[in-house]
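Visitor: predicted model, plus sequence, below.
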Amino acid sequence: MPDADATQFTSSQVRDLASLVRIELTDTEVEEFRVELASILSHIDALSEIDTEGVPPTNNGADLLNVEAEDESQPAMPREEILANAPQREDNYFRVHAVLDQS
């Protein structure tokens, strides 16, 4: 892992970034984030050194695309079986408490 150079970011830059994402940082947190951001950038730099010549670009490591189940119709369950465990029912419907106030 490359060494993180915390001098890549100034405290002012970290505070500006924190302002953009609407978070408040203490002075200690600003220093911690300076080091963490520098570490992230050093990892990105390390990745950019990898030879990817001849490696095709991809956005997905799997060969499967749009895997979906077939849309097949199925017979419905019998109404009485569906309503058998209803806490309350009225005729052939579930009875529920009102959810909308019609004032």
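Guide: Here it is on my side, so go on.

Visitor: where does the nearest residue to Arg79 once chain neighbours are set aside land on pLDDT?
Guide: Ranked by Cβ to Cβ, 6 or more residues apart in numbering and with sequence neighbours excluded, the top spatial neighbour of Arg79 is Asn92, at 5.9 Å. The way it works is simple: take the backbone N, C-alpha and C, and place the C-beta from them, glycine included. Per-residue pLDDT puts Asn92 at 88.

Visitor: any idea how far Asn92 lies from Pro78?
Guide: Note on Asn92: its distance to Pro78, by Cβ to Cβ, to the nearest Å, is 11 Å.

Visitor: before we move on, back to that, number of nearby residues for the residue nearest to Arg79?
Guide: Neighbours of Asn92 under the rule other Cβ atoms under 10 Å: 9.

Visitor: with Glu80 instead?
Guide: 8.

Visitor: got a pLDDT number for it?
Guide: Reported pLDDT at Glu80 in the predicted model: 91.

Visitor: can I assume it sits in a helix?
Guide: Yes - when DSSP: H, G, I helix; E, B strand; the rest coil is applied, Glu80 is found to be in a helix.

Visitor: the chain should start at 552 in everything you say after this.
Guide: That works, and once the first residue is 552, the last one we named lands at Glu631.

Visitor: wait, Phe584 sits on Ile574?
Guide: No - in this structure Phe584 lies outside contact range of Ile574 using Cβ atoms under 8 Å: 9.7 Å.

Visitor: between the two, which is the more surrounded one?
Guide: Between Phe584 and Ile574, counted using other Cβ under 10 Å, the more crowded position is Phe584 (20 against 10).
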